[in-house]
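S.K.: the following block contains a protein sequence and its predicted model.
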Amino acid sequence: MGRPVAAARRRLRIRVQGAVQGVGFRPAVYRLAHGLGLAGRVRNDPQGVEIDIEGAANAAEALLAGLRTLPPPVRIDRLQVEPLAPAGTTGFAIAASVAGPGSALPLPDLATCADCLAELGDPADRRYRYPFLSCTACGPRYSIVRAMPYDRAGTAMAAFAPCPPCAAEYADPASRRFHHQANACPACGPRLALHDRQGRLLAAGDGALEGAADLLRDGGILALKGLGGFQLLTDARDGAAVARLRARKHRPHKPLAVMFADLAAVRAACRPGAAERALLASPAAPIVLIDVDAGAGALAPNVAPDNPRLGAMLPSTPLHVLLLQDLGFPVVATSGNAGGEPLCADNDEALARLCGIADAFLLHDRAIVQPLDDSVMQVAAGRAQTLRLARGLAPLALEHAGDAAVLALGGHLKSALAVGGGGRIVVGPHIGDLDTSLARQRFEAAAGQLPALAGSRPTLLACDRHPDYASSLWAAADRRPRQTVQHHHAHLAAVLAEHGLQGDVLGVAFDGAGLGDDGTLWGGEFLIGDCRQMRRVARLRPFQLPGGEQAAREPRRSALGLLYGAYGPDLGGQTPDFTVQERRTLLQALERGVNAPLTSSAGRLFDALAALLGLCQETSFEGQAAQALQAAAERVPAQAPYPVALVQEDSGLLADWAPALAALLADRAAGVPVPQIAGRFHATLAALIADVARQLGVCRVVLAGGCFQNRRLLEETRARLEQAGLAVWWPRRLPPGDGALAAGQAAVAMARPVRAHDLQQWG
């Protein structure tokens, strides 16, 4: 006759998927099981984590309940329970991981936790002022991983053998570092060194940190090897130092991000709201766009010239914490690259590529396996919005139905990749524009790494229909079949995938440009449909761009094309910012249709009006003119819209901006302040979107494309749509711009059957 306790014994196999590797999940399971008197094991496997428990039935149920209440960064997406016959197991252990292809993902890197910060500042602690301390709640993850499952042997930390005290912590269930794969200390972990621009060693250890701080105090430029790549630092209060950095990096106007020691220092220069403060202090520690306190005078004016917002960030690693504490002032912290090149991630690469920019290099000997730029976020329409998906946020997994194994290649600008299949889309980090051979090499490397880390073997490629994008050319050279996806369909499908939306929506895609179905440059589009397919139902009135792609760098060309489209050769009496000869040549190009393509782009419309209002004639970075127009609009409250004519065409509605242009030019001639005119233009587009939605009789609207990173446009559009009783969605976890194209391409490829005219076999 069996004992009563035996009859009550229960054995369960529990499979867990989600954010469960590299977050202290196995140690948490160990402690739960041990405290409940359960026997068995827990281990990483290719799908996530497998738990085998045996013991009292009520204890087994208590463990299941405990798993569901574990705090972030643990995130459980799926939990499957399978009853098994009791085996009489005794004791509970963390077993060796099971390798092989699967679906478990490495987690994003996490900013230093409060417990580690306390150790960092405690003179009695053996990790006092150690720049690379971390624990199961913080530190490097994705940036150091080479292969899954997430074990030390598959990371950059494999090069550092743990010393006896660190090994003891790793084996101690009571330690915060129990099974922490990146565990290290000054005796056994990565080391810091300061080098001059010729690569000669200047100092090591804490002396390297002191030397770097002295350099910054003297107005020098420091190349610092951070978590995912190099950053270029200089004193954010020193206008001359900032000017030198801008000149050496060939970045004359684009705003520079600033790193502050703490929230109090941020408040001394900016006006962060509660949501922005929460983002700054979050484990992702992104750059956050925050309104500047113009009267504070805490920073040099040339850090973010003529811009009402600043990209602010807090230290994300112990190294940054120590440096900012030692300095006592904020520093510019911009990407460690020359203009147009990808981020530097390797010591030798940085010394070679940044020697003409930096005065010294603060290096360490832990390899960066997965290069990562800093993420960028803002608060818009009351919600956090990602503008650049990178350190702390990538890789990002989205649930999306479909089993097709697809590698999506994105576009040409703001490149990022995505892997689809097995009911999800995994979006990789920001890579950058693909204009240079170095950037294309980084893209090609990521195209091999991301599928491997996601446990996928893609049999299908998805890319943009533009044949000359570097990503499309890469697809053409690959032997796998490819499916092309129209640019704006991909933008909208990314939002549908992010929010899990099913069924038809009205998609509004406003951006710079993308190749349309008719061979022209689209960018002010209204599409109806879903991930499977969409059709255009309305558009902005097209106008010509004299000089084609050159117009994206010279807003005055967009202004000339807009005026020509509205008024013909006399330009309505307006005189755009050209010499007489330049104007004559460009007008001839417009009249003959030579290198003057048609576009319906909302982005080029922003450019044209910024030029007409005298805000920006030529640009040195993408979006500069639109940014200037937004900055002007945000100086005034909401304005009344200008009139736009909606004309019915055979193919749908045409939104004719000519009446708005005439009214805007009349305002300018009458001396109406530029901010008021800019505000009216933003209101015009928001009102137009709501009018089109009402006329088409839709009830659900999706907004996408780079124009919707414009906070003023997004907030006014959302308000007007909701006032009309319509539901509205926009990108939040994914970027609004081209950084989300790959996610959308994957969503389309997974949602629809392969169509002959979309699919091409290469090789």
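M.R.: Perfect, thanks for sending it.

S.K.: low-confidence ranges in the protein?
M.R.: 1-7, 101-102, 753-763 (pLDDT under 70).

S.K.: tell me the contacts of E722?
M.R.: V728 (CB atoms under 8 Å, 6 or more residues apart in numbering). The C-beta positions use only the backbone N, C-alpha and C, and glycine is treated the same way.

S.K.: relative to T684, how far out is it?
M.R.: Distance of E722 to T684, given as CB to CB, to the nearest Å: 18 Å.

S.K.: buried sites along the longest helix along the chain?
M.R.: Of all the elements of type helix in the chain, the one with the most residues (DSSP state H) is helix 674-696. Using 16 or more other CB atoms under 10 Å as the test for burial, helix 674-696 gives 674-693.

S.K.: got it, and stretch 592-600?
M.R.: For stretch 592-600, by 16+ other CB under 10 Å, it's N595, A596, P597, L598, T599, S600.

S.K.: all strands in the stretch 151-300 of the chain, in order from the N-terminus.
M.R.: For the stretch 151-300 of the chain, strands defined by DSSP state E, counting those that start in this stretch occupy the ranges 192-196, 201-204, 222-225, 230-235, 258-259, 287-291.

S.K.: direction included, what does the fifth one pair up with?
M.R.: With DSSP bridges as the criterion, the sheet partners recorded for strand 258-259 are strand 309-313 (parallel), strand 331-335 (antiparallel).

S.K.: possible to save these as JSON lines with mean neighbour count and distance to A65?
M.R.: Output for the strands paired with strand 258-259, formatted as JSON lines (neighbours: other CB atoms under 10 Å; distance: least, CB to CB, whole Å):
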{"stretch": "strand 309-313", "mean neighbour count": "24", "distance to A65": "38"}
{"stretch": "strand 331-335", "mean neighbour count": "25", "distance to A65": "43"}
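
S.K.: mind putting those strands into TSV with distance to R191?
M.R.: TSV is the format used below for those (distance: least, CB to CB, whole Å):
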stretch	distance to R191
strand 309-313	25
strand 331-335	22
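
S.K.: right, and those strands - which one's nearest A261?
M.R.: Closest approach to A261 among these (CB to CB): strand 331-335, 9.5 Å.

S.K.: enumerate every residue touching the spatially most central residue of the chain.
M.R.: Geometric centre of the chain, nearest residue: L389, 1.4 Å, by CA atoms, centre = their mean. Taking CB under 8 Å, 6+ apart, we find L389 in contact with S375, L396, A416, V427, P429, H430, R733, L734, P735, G739.

S.K.: the stretch 301-450 of the chain: helices as residue ranges?
M.R.: 318-327, 347-353, 437-453 (DSSP state H, counting those that start in this stretch).

S.K.: tell me which of those helices lies nearest to L12.
M.R.: For L12, the closest of the helices of the stretch 301-450 of the chain is helix 437-453, at 29.4 Å, according to CB to CB.

S.K.: name the residues of that closest one that come out as buried.
M.R.: L438, A439, R440, R442, F443, A446, A447, Q449, L450, P451, L453.

S.K.: kindly report the same for stretch 135-152.
M.R.: 135-146, 148-152.

S.K.: go on, stretch 524-543?
M.R.: 524-531, 534, 536-543.

S.K.: which of the residues you listed fall within strands?
M.R.: Among the buried residues of stretch 524-543, the members found in strands (DSSP state E) are 524-529, 534, 536-540, 543.

S.K.: how about JSON lines for the residues you listed, with distance to A743 added?
M.R.: Putting these into JSON lines (distance: CB to CB, whole Å) gives the following:
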{"residue": "G524", "distance to A743": "22"}
{"residue": "E525", "distance to A743": "18"}
{"residue": "F526", "distance to A743": "21"}
{"residue": "L527", "distance to A743": "17"}
{"residue": "I528", "distance to A743": "21"}
{"residue": "G529", "distance to A743": "17"}
{"residue": "M534", "distance to A743": "16"}
{"residue": "R536", "distance to A743": "21"}
{"residue": "V537", "distance to A743": "24"}
{"residue": "A538", "distance to A743": "25"}
{"residue": "R539", "distance to A743": "24"}
{"residue": "L540", "distance to A743": "25"}
{"residue": "F543", "distance to A743": "31"}
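
S.K.: closest to A626 out of the residues you listed?
M.R.: Among those, and counting by CB to CB, the member closest to A626 is G524, at 13.2 Å.

S.K.: for that closest one, which non-adjacent residue is closest in space?
M.R.: L540 (3.1 Å; CB to CB, 6 or more residues apart in numbering).

S.K.: correct me, but the one you found touches R604?
M.R.: No. Using CB atoms under 8 Å, L540 is not in contact with R604; the gap is 9.7 Å.

S.K.: which neighbours do those two share?
M.R.: Counting by CB under 8 Å, 6+ apart, the contacts common to L540 and R604 are G523.

S.K.: assumed N58 was part of a strand.
M.R.: No. Applying DSSP: H, G, I helix; E, B strand; the rest coil, one finds N58 to be helix, outside a strand.

S.K.: that one - how many residues pack around it?
M.R.: A count of nearby residues for N58, using other CB atoms under 10 Å, gives 11.

S.K.: please tell me how far the closest residue to R244 other than its chain neighbours sits from L354.
M.R.: In space, and not counting its chain neighbours, R244 is closest to I221: 6.6 Å by CB to CB, 6+ apart. For I221, the distance to L354 equals 9 Å [CB to CB].
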